[in-house]
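> predicted model and sequence below, questions to follow.
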Amino acid sequence: MFAVYITHPQVNIDPNVPVPQWGLSPLGAERARKAAALPWARNFGRIISSAEVKAIETAEIFARVSGCTVEIVDAMHENDRSATGFLAPPEFEAAADQFFAHPTDSFRGWETATHAQARIVAAVTATLLGHDPSNPIAFVGHGGVGTLLKCHLEGLPICRSADQPAGGGNVFCFSLADLTVACDWTAIEDWPGVEQ
């Protein structure tokens, strides 16, 4: 059996709203609905979500087709970037480069990559303790911490080259037996699923 990590797709960017409160854009919601219509999306027995609005909205779209309740895990949030507030896309991309390139350093007060990685790994590990491996499970979250989780599972150093493709709305899966990554980042609406 496999666990699936899903990142929220495109969001409504509003500099006047705290980033954790951003919701899905019409395009992001449409992509999530398209993915939720695929056969693999109906199989989840558990859906675990970050507490950020965009992740919850994504998780709820999948929960409607699988019939399960969304479980919120606060520690699955994206790396804490509140120290800088909103950064315009070019500035944000440069900051993200620094975040991944210098994982033990804080970029202008951001949570460090090593801290964010330890947090997401601990959250996923705690969730899987006692989880029935025959029960398909999805984690719905964010690209940054999702990449940090994936690096950990693959035994790789933290690096941006392991990051999801631009735009969000991607998935990777890992084995519940030995926690090895079984499939690489793929757009949610293009992912064929895996044989369980």
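Okay, I see it.

> my read: residue 75 touches residue 123, true?
Yes. With contact defined as C-beta atoms under 8 Å, residue 75 counts as touching residue 123 (4.0 Å). Where C-beta positions appear, they are placed from N, C-alpha and C, glycine not excepted.

> quick one, which of those two is more surrounded?
Shown here are residue 75 and residue 123; by other C-beta atoms under 10 Å, residue 123 has more neighbours (21 against 15).

> hang on, residue 186 in a helix?
No. Under DSSP: H, G, I helix; E, B strand; the rest coil, residue 186 falls outside any helix and is assigned strand.

> in three-state terms, label the residue nearest to it when sequence neighbours are not counted for me.
Nearest residue to residue 186, sequence neighbours excluded (C-beta to C-beta, 6 or more residues apart in numbering): residue 171, at 5.7 Å. Three-state call for residue 171 (three-state DSSP): strand.

> same question for residue 139.
Going by three-state DSSP: residue 139 is strand.

> how near is it to residue 36?
For residue 139, the distance to residue 36 equals 16 Å [C-beta to C-beta, to the nearest Å].

> could you do residue 101 as well?
Applying C-beta to C-beta to residue 101 and residue 36 gives a distance of 35 Å.

> which of these two has more neighbours?
Higher neighbour count among residue 101 and residue 36: residue 36, with 20 against 13, using other C-beta under 10 Å.

> tell me the pLDDT of that one.
At residue 36, the model reports a pLDDT of 98.

> please apply the same query to the one 4 residues further on.
Reported pLDDT at residue 40 in the predicted model: 96.

> give the contact list for it.
Contact analysis of residue 40 by C-beta atoms under 8 Å, 6 or more residues apart in numbering lists 4, 191-194.

> so it: helix, strand or coil?
From three-state DSSP, the assignment for residue 40 is helix.
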